[in-house]
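Student: how does the following fold in three dimensions:
(chains A and B)
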Amino acid sequence: MSVLFALTIACYVASSLGYQGYVLFQKRPVYRVSRIVLWVGFLCHTGVIALRYFEAGHVPVQCLHETLFTFAWTVVGVFLILQIRFNLMVLGALVAPLATLCVVIASILPGPPVELDPLLKGLWRTFHVGTLIVGNAAFAIAFLVGILYLIQERAIKDKKRGFFFRRLPSLKLLDSMGYSCLIVGFPMLTFGIITGIIYAQMVHGRFWNWDPKEVFAGITWLVFAALLHERLTVGWQGRRAAIMTIVGFVILLFTFFLRFLG
Amino acid sequence: MVEKSEIIVIGLNHKTAPVEVRERLAFSREDNLQVLEIVRQKPCVDEMVLFSTCNRVEFLLATKNPSKAVEAVKDFLADFKKTPRQTFEQALYVYDGDEAVRHIFRVASSLDSMVVGEPQILGQIKEFYQESSHCRACGVILNRLMHRSFSVAKRVRTETGIGDHAVSISYAAVELGRKIFDKLEEKAVLLIGAGEMAELAVEHLVTYRARPIFVANRTFERGLELAERFKGTAIRFEEVRDYLTQVDIVISSTGAPHYILVHNDFKGVMRARRNRPLFLIDIAVPRDIDPEINRIANVYVYDIDDLKSAIQENIDDRQREARRGERIVDGAVVQFRRWFQSLDVVPTIVALREKVEEIRQLELKKTLASLTSASEKDRAAIDRLTAALVNKILHDPTVFLKASGDKHKHKDKQSLYVNITRELFNLDERNNRE
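Tutor: Numbering: from 1, shown residues only, chains lettered A, B, ... in the order given. Model (predicted):
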């Protein structure tokens, strides 16, 4: 394991702890330090990915190990970008541990085989996996935000103003952040699926094979498409939108593992 | 030996005096200047600040004769307010020394307020202080004390959560509104009925730039009146349901014996609103809004009890934070005492002499070290010379400082001179280093 890799994990762990500490004790300096540490971790992470790219000559998304690793990078990246627009401070307490978990699992999993199947190379595939990963990262964050929304909504509806009511931001902010993630994630997902279909045509000679991962990818797309449609036409928001985001992400996760483990 | 001023506080507040007594003794703004003029003319009063709010009337004095000053203030109150002394004497408290300092710090930090942590008191205290310094009623002691109290109050506010959470119904409504809508700006408000609490809540929403405001009242004229006050629009009582699609916050406070809004009224409303959240605040008893409505998605109903229990939690929180505030105050009292004690003439003269003597010794050592050829006799002569110089130079300041307290016309100047001396010669530097 390279030094940069170890540094990435260390930064993510430290930043996870820092964000948790911020949620518990509400001290702003803790938050600021955690954010800086997360940025440092992200830069190290970027470094690792860049090195791998130059070593192997392809974007590291070929096996579960690489994909998880790149996925964690994208999640942190999307989070850091969103953070600039939405100052959603408690979200770090969920995103940083998620990234940590992915990176740690990736570090345990075996690396890519030395000789790559030539089928797995190529521009289309890189696009296919790359866009899907960005989409997944956006939906992962939407999922976390959705959970926060449900917690906060419950607190307000039940009039229980406990630990979370204080610490979580307003419903409006959570809802519009979830929406932003959807806006970013959905085109990515769509593009990923289209490139996948083209790729399937190139490799298998058929656009659609009805294999389970394709079916589930289709279902995921339909769920998010329905959500986006409802949001745009009748202004769906709040609890129902949050639940649907969560359901959509769970199916997405299932599809993801179906691809690599199935 | 000269006497030094002491700090005392004589006053009463909401804890010691019922409102009947407080309102009888409270001074109006116009009275204040007059009171300052009269009381500070009294020979036993050196410096003074007067506080008079609806919860407290207090005289903060620097005096060389505390017991006489207390009597003078009591006499003055009885005389000025044409009230027999026994009506208020029971309620009066007198603090001196550290206790007086602590009291002022606590008042400014809102630790002594009826609603602990309420933010207005500091502004009021600042105004009263300004008035007093405008009349030149403050000297070096109270100036320092007041400025210290401002910074203590600021520290308490920023370092503890004492002012964090809403403790009044209307603030609770605002806090909740912000948890739902994030910003209250441009959020439409509908007030149904009238009533002090409801109007206050609307006022608070308006300060957060909620608008437009609609007012529905059974008597349209009353509605018009209220609408004018909030720069809003009066609507007819029967129109309330139609407006549910346009407003974001509803505050209801009518005397109706039954629900004004029931579950059925919301059919189609949320669809028409494109599911935008709706926050209903029911301040009326008996209630105006069916609590069942709370089950509709994106609609939040809070009644008076919900708001009250929200506040109670916040009050408990503030109490906890107040204890941290007390610790900050304790530290500040000790610091202030250190400065105050240094204002005595004798320690100042001693410190002054010590400092100059230290300089003399240092320079002497340097010079003698380079004068290797000088005899023992020469060295002694140089030593005597420098000692004489120091003594001559310090003679007049010493005499002046000693005398400053004696002169009657300068009764409040002594602390000033001592303070200037300390600053001029930087005498506190050593104290601070320790």
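Student: looking at the stretch 101-250 of chain A, which residue is nearest chain B?
Tutor: A:G235 (2.8 Å; CB to the nearest CB). Backbone N, C-alpha and C define where each C-beta goes, glycine included.
Student: out of the helices and strands in chain A, which is least certain?
Tutor: When the helices and strands of chain A are compared on mean pLDDT, DSSP states H and E, helix A:163-167 comes out lowest with a mean of 83.
Student: which residues touch that one?
Tutor: By CB atoms under 8 Å, 6 or more residues apart in numbering or on different chains, the surrounding residues in contact with helix A:163-167 are A:23, A:26, A:90, A:151-152, A:155-156, B:179.
Student: lowest-confidence one in those residues?
Tutor: The lowest pLDDT within the contacts of helix A:163-167 belongs to A:Q26, with 83.
Student: ok, that one - contacts?
Tutor: A:Q26 neighbours (CB under 8 Å, 6+ apart): A:166-167.
Student: so how far is A:V90 from it?
Tutor: A:Q26 is 10 Å from A:V90, where distance means CB to CB, to the nearest Å.
Student: coming back round to it: widest-spaced pair of the contacts of helix A:163-167?
Tutor: A:Q26 and A:I156 (19.5 Å; CB to CB).
Student: where are the low-confidence patches of chain A?
Tutor: A:1, A:112-121, A:262 (pLDDT under 70).
Student: which parts of it sit against chain B?
Tutor: Residues of chain A lying near chain B by CB under 8 Å from any CB of the partner chain: A:152, A:156-157, A:159, A:161, A:165, A:169-173, A:234-240.
Student: at 10 Å what do you get?
Tutor: Contact residues (CB under 10 Å from any CB of the partner chain) of chain A with chain B: A:26, A:152-153, A:155-162, A:165-166, A:168-176, A:230-231, A:233-241.
Student: what residues does stretch B:389-397 touch?
Tutor: B:348-349, B:352-353, B:356-357, B:359-360, B:398, B:417, B:421, B:424-425 (CB atoms under 10 Å, 6 or more residues apart in numbering or on different chains).
Student: and the residue in the stretch 301-434 of chain B that chain A sits nearest to, what does it touch?
Tutor: As assessed by CB to the nearest CB, chain A sits closest to B:D306 within the stretch 301-434 of chain B, at 4.8 Å. By CB under 10 Å, 6+ apart, B:D306 lies in contact with A:159, A:161, B:172, B:176, B:281-282, B:291, B:294, B:300.
Student: buried residues, the helix or strand harbouring it. List them.
Tutor: For B:D306, the host element (DSSP states H and E) is helix B:304-342. Using 16 or more other CB atoms under 10 Å in any protein chain shown as the test for burial, helix B:304-342 gives B:304, B:306-307, B:310-311, B:313-314, B:317-318, B:321-322, B:325-326, B:328-329, B:332-333, B:336, B:339-340, B:342.
Student: what's the next secondary structure element after it?
Tutor: helix B:345-370.
Student: buried set for that next one?
Tutor: B:345, B:348-349, B:351-352, B:356, B:364.
Student: so which other helices or strands are in contact with it?
Tutor: Here helix B:345-370 touches helix B:304-342, helix B:376-404, helix B:414-424, helix B:428-433, going by 3 or more CB pairs under 10 Å, 6 or more residues apart in numbering or on different chains; DSSP states H and E.
Student: report the distance from the longest one to the chain centre.
Tutor: Taking CA atoms, centre = their mean, to the nearest Å, one finds the center of helix B:304-342 at 12 Å from the center of the full chain.
Student: please apply the same query to stretch A:153-163.
Tutor: That offset, for stretch A:153-163, works out to 28 Å (CA atoms, centre = their mean).
Student: try stretch A:34-44
Tutor: Counting by CA atoms, centre = their mean, stretch A:34-44 comes out at 17 Å from the chain centroid.
Student: which residues does it contact?
Tutor: A:2-22, A:72-73, A:76-77, A:79-80, A:83, A:89, A:92-93, A:95-96, A:99-100, A:103.
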